[in-house]
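Enquirer: test case, fold it:
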Amino acid sequence: MVGIGRPEHAYLPVFALGIALAWLAVSAPAESKVLPSVNARIPPAEATRDSSLPSDEELVAQGARIGEIRFDARDLFDTEAHDEETSLSRLGNRLHITTRQSTIEDQLLFKSGDVYRPALIEESARILRDTRYLRDAVIRPVAFHDGVVDIAVTTQDVWTFNPGISFGRKGGANTGGFELEELNFLGTGTQMGIGFVRGVDRDSKFIKYRDRQLGSSWWDLGTTYSDNSDGRLAAFQLDHPFYSLDSRWAAGVSLLDDQRTDSRYDLGEVIDQYATHEKHATAYWGRSSGLHDDWVRRLTAGFSIDDLAFGAVPDALAPPALLPGDRRLAYPWVGVEWLQDAFYTARNRDQIEKTEDYSLGWRIHAQFGYAGTSFGSDRNAVMMAGGLSKGLSLSERQSLNLLLDTSARLENGNIAGGLFSAEARYYFRQSPRRTLVLDLQTTAGTNLDADQQILLGGDNGLRGYPLRYQAGDGRWLFTAEQRLFTNWYPFQLFNVGGAVFYDMGATWGRDPLGTPSQGLLRDVGFGLRLGSSRSALGNVLHIDVAYPLDGDDSVRKVQFLIETKKSF
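Expert: Coordinates of the predicted model:
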């Protein structure tokens, strides 16, 4: 259902631990240094490259080859630094298993003896920074002699074991749970987890496993099983992606079997429910000629089966008011993607004091398939999906990101299940620690299936209102957010930031079972941001207070939100 995703939780162990450690630090004797100071500040950035070394252009012109690759895997705390030489820092390092050198080495796109190519150095660093178990990764030349350049690979680990309770609140609904999760098992990058989660839609007991480097390769193996209050979910995927810009092939298979209860919403309340049994299977193969003149073209082909069956919820007091029709779509498909190599790094953009990778290049993709009764479908349909994204540098301090995405079926000459979404996001970097972000997004539907619902509310950007508050044939949302990134680094455990925001949006059209659109909905608010720089269990904790300016009498005068997001 459009607008409904998996709940994100504010993982309490990281921040509860910080509070507990703060109490220890305050109550400990003065001569016993338990933690860094509560007034700790972010240390100055390290120099990334010796200015005496030749430039990348000079190294390439000389045909330099890579010599020694030096690995510097740093632990959670740098106990050689004065501020971090504490008893609990030493304890944390002893309890933590540092990422293995082989785990890092397997993800590098170069090896000793290769011709020095700066693009591969930069992309390898991006790949490492994309892992959840590393706080940062820097790769740079450190020595040059006799046509050979030595490379240093410096990585910083984060805490990856979550043995605790999670809690979140948004749109007036609470979520929570308990789980044991390890995101870097024995330093290999393998993810394992078991636990219980209470979400908005269901309660789930789950077990999951993922190995992104199966057998020191680029094969990605993942599996999940969840026993839910309204059914069960089993998922499996084995994927060899286009892991780099110059990757020449990709392949994969994925399977999903999901039995659940889906709900339709209006004004934040469930107004209808039906049982869904979803089965999905895909196998694909892809080829690419690699990176040429800063562009990549990739071709893929595959076969997919999407099988959805709907019915009444067992033991329900009443049958569904609007029961979706069953769909079985089996189809071969082909896809094409163009990608431009135009990546840059920044800090204090969507994260707090972390190296962020973003693109100002083009990405264009399209996929077409044909679902026919001869393949096992229950109808004949042309399957279409595609999109594009582009980043624009407007000035040294301003940038704009554009995103378009669409999917639909063509049945008997008519569009069915059509979804179109677009987003424009503007960044104005006022100073190294202040950024203004303006975001405009819209989603429109055409001849939607009965199991598709376009929603607007507290769980997807309109923070002053209940989750899934308004439904329609489409929605738009505008957000203005002033972000502040402070230099405060309490106990050197988390970074502190803040935001002041204004949201406004509306839906149009009429949901089959919902109330008419209430027109323009607005809210204002402010919030605290805590970046978990020592943990992989959530990038930024949001604690927001939002005040709705419109809506009916059922809307509370103030909304409190606590959630973990991947960005500011």
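Enquirer: longest strand anywhere in this protein?
Expert: Taking DSSP state E as the criterion, the chain has its longest strand at strand 269-292.
Enquirer: next SSE after it?
Expert: Once the chain leaves strand 269-292, the next helix or strand it forms, by DSSP states H and E, is strand 295-311.
Enquirer: just the buried residues of that next one, please?
Expert: For strand 295-311, burial by neighbour count (16 or more other C-beta atoms under 10 Å) applies to 296, 298, 300, 302, 304-308, 310. Glycine gets a C-beta too; all of them are placed from N, C-alpha and C.
Enquirer: repeat for stretch 247-260
Expert: Going by neighbour count (16+ other C-beta under 10 Å), the buried part of stretch 247-260 is 247, 250-252, 254-260.
Enquirer: list of residues touching it?
Expert: Identification of contacts with stretch 247-260 by C-beta atoms under 8 Å, 6 or more residues apart in numbering yields 201-202, 228, 230-242, 275-290, 298, 300.
Enquirer: and it, how far from the chain's centre?
Expert: Its chain's average C-alpha position is 18 Å from that of stretch 247-260, according to C-alpha atoms, centre = their mean, to the nearest Å.
Enquirer: go on, stretch 144-156?
Expert: Centroid displacement of stretch 144-156 relative to its chain, using C-alpha atoms, centre = their mean, is 32 Å.
Enquirer: buried sites along it?
Expert: For stretch 144-156, the buried set under the neighbour-count rule, 16+ other C-beta under 10 Å, comprises 144, 149-156.
Enquirer: re the thing from before, pull the most distant pair out of the buried residues of stretch 247-260.
Expert: Greatest spatial distance in these: 247 and 259, 36.1 Å, computed using C-beta to C-beta.
Enquirer: each with direction, which strands does the helix or strand residue 405 falls within pair with?
Expert: Element membership for residue 405 (DSSP H and E) is strand 398-411. Partner strands and pairing direction for strand 398-411 (DSSP bridges) are strand 381-393 (antiparallel), strand 414-431 (antiparallel).
Enquirer: next secondary structure after the last one?
Expert: From strand 414-431 onward toward the C-terminus, using DSSP H and E, the following helix or strand is strand 434-446.
Enquirer: moving C-terminal of that next one, what's the next helix or strand?
Expert: As assigned by DSSP H and E, the chain's next helix or strand after strand 434-446 is strand 454-456.
Enquirer: that following strand pairs with which strands, and in what direction?
Expert: Taking DSSP bridges as the criterion, strand 454-456 pairs within the sheet with strand 470-472 (antiparallel).
Enquirer: ok, back up a step: the longest strand of the chain packs against which elements?
Expert: Using 3 or more C-beta pairs under 8 Å, 6 or more residues apart in numbering; DSSP states H and E, the elements in contact with strand 269-292 are strand 249-266, strand 295-311.
Enquirer: among these, which comes closest to residue 440?
Expert: Closest among the helices and strands packed on strand 269-292, using C-beta to C-beta: strand 249-266, at 23.8 Å.
Enquirer: and the closest one with strand 295-311, angle?
Expert: Strand 249-266 runs at 40 degrees relative to strand 295-311, counting by axes from the mean of the first three to the mean of the last three C-alpha atoms, to 10 degrees.
Enquirer: mind saving the C-alpha coords of strand 249-266 as CSV?
Expert: Taking Å, rounded to 0.1, in the frame of the first residue of the first chain, the C-alpha atoms of strand 249-266 are listed here in CSV:
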residue,chain,number,x,y,z
TRP,A,249,27.7,-8.5,-15.0
ALA,A,250,24.9,-9.0,-12.4
ALA,A,251,22.5,-11.9,-11.6
GLY,A,252,20.1,-12.8,-8.9
VAL,A,253,17.1,-14.6,-7.6
SER,A,254,14.5,-13.5,-5.0
LEU,A,255,11.5,-15.3,-3.4
LEU,A,256,8.8,-13.9,-1.1
ASP,A,257,5.8,-15.5,0.5
ASP,A,258,3.8,-13.1,2.7
GLN,A,259,0.5,-13.7,4.4
ARG,A,260,-0.8,-10.6,6.2
THR,A,261,-3.8,-8.4,7.0
ASP,A,262,-3.9,-5.1,5.1
SER,A,263,-5.9,-2.0,6.2
ARG,A,264,-7.4,1.0,4.6
TYR,A,265,-7.1,4.2,6.6
ASP,A,266,-9.0,7.5,6.9
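Enquirer: spatially nearest residue to residue 131 (excluding sequence neighbours)?
Expert: Nearest residue to residue 131 in three dimensions, chain neighbours excluded: residue 189, at 6.5 Å (C-beta to C-beta, 6 or more residues apart in numbering).
Enquirer: which stretch of helix or strand covers the one you found?
Expert: Applying DSSP H and E, one finds residue 189 in no helix or strand.
Enquirer: list the contacts for it?
Expert: Contacts here follow C-beta under 8 Å, 6+ apart; on that basis residue 189 touches 99, 103, 131, 133, 211-213.
Enquirer: and the average pLDDT for stretch 384-396 is what?
Expert: In this model, stretch 384-396 carries a mean pLDDT of 97.
Enquirer: buried set for it?
Expert: For stretch 384-396, a neighbour-count test (16+ other C-beta under 10 Å) marks 384-387, 389-391 as buried.
Enquirer: can you tell me which of these comes closest to residue 405?
Expert: Nearest to residue 405 among the buried residues of stretch 384-396, with distances taken as C-beta to C-beta, is residue 387, at 3.8 Å.
Enquirer: quick check: the closest residue to residue 387 other than its chain neighbours vs residue 443, distance?
Expert: Using C-beta to C-beta, 6+ apart and skipping the chain neighbours, the partner closest in space to residue 387 is residue 405 (3.8 Å). Going from residue 405 to residue 443 by C-beta to C-beta, to the nearest Å gives 9 Å.
Enquirer: mutual contacts of the two, please.
Expert: Looking at what touches both residue 405 and residue 443 (by C-beta under 8 Å, 6+ apart), the common residues are 420-421.
Enquirer: how about the backbone phi and psi for the nearest residue to residue 110 once chain neighbours are set aside?
Expert: Leaving aside its chain neighbours, residue 110 sits nearest to residue 120 (4.9 Å; criterion: C-beta to C-beta, 6+ apart). Here is the backbone geometry of residue 120 (degrees, to the nearest 10): phi -70, psi -30.
Enquirer: identify the bridge partners of residue 403.
Expert: Beta-bridge partners of residue 403, as defined by DSSP bridges: residue 389, residue 423.
Enquirer: in contact with it, which residues?
Expert: Residues near residue 403 by C-beta under 8 Å, 6+ apart: 387-389, 421-425.
Enquirer: how much space between the residue of the chain most remote from its centre and residue 51?
Expert: In terms of distance from the mean C-alpha position of the chain, residue 146 ranks first, at 43.8 Å (C-alpha atoms, centre = their mean). With the distance defined as C-beta to C-beta, residue 146 ends up 21 Å from residue 51.
Enquirer: residues near the closest residue to residue 383 other than its chain neighbours, how many?
Expert: The shortest distance from residue 383 to any non-neighbouring residue, by C-beta to C-beta, 6+ apart, is to residue 369 (3.9 Å). Residue 369: 23 surrounding residues under other C-beta atoms under 10 Å.
Enquirer: cool, residue 522 as well?
Expert: By other C-beta under 10 Å, the residues close to residue 522 number 18.
Enquirer: also the one 4 residues further on?
Expert: Counted with other C-beta under 10 Å, the burial measure for residue 526 works out to 14 neighbours.
Enquirer: now what about whichever helix or strand residue 144 is part of, what contacts it?
Expert: Of the helices and strands defined by DSSP H and E, residue 144 is found in strand 134-145. Strand 134-145 has contacts (C-beta under 8 Å, 6+ apart) with 46, 48-50, 53-54, 59, 64, 67-68, 70, 99, 108, 116, 121-122, 124-125, 128-129, 149-158, 354-355, 533-534.
Enquirer: what ranges in the stretch 151-300 of the chain fall below the confidence cut-off?
Expert: Scanning the stretch 151-300 of the chain for pLDDT under 70 picks out 164, 170-172.
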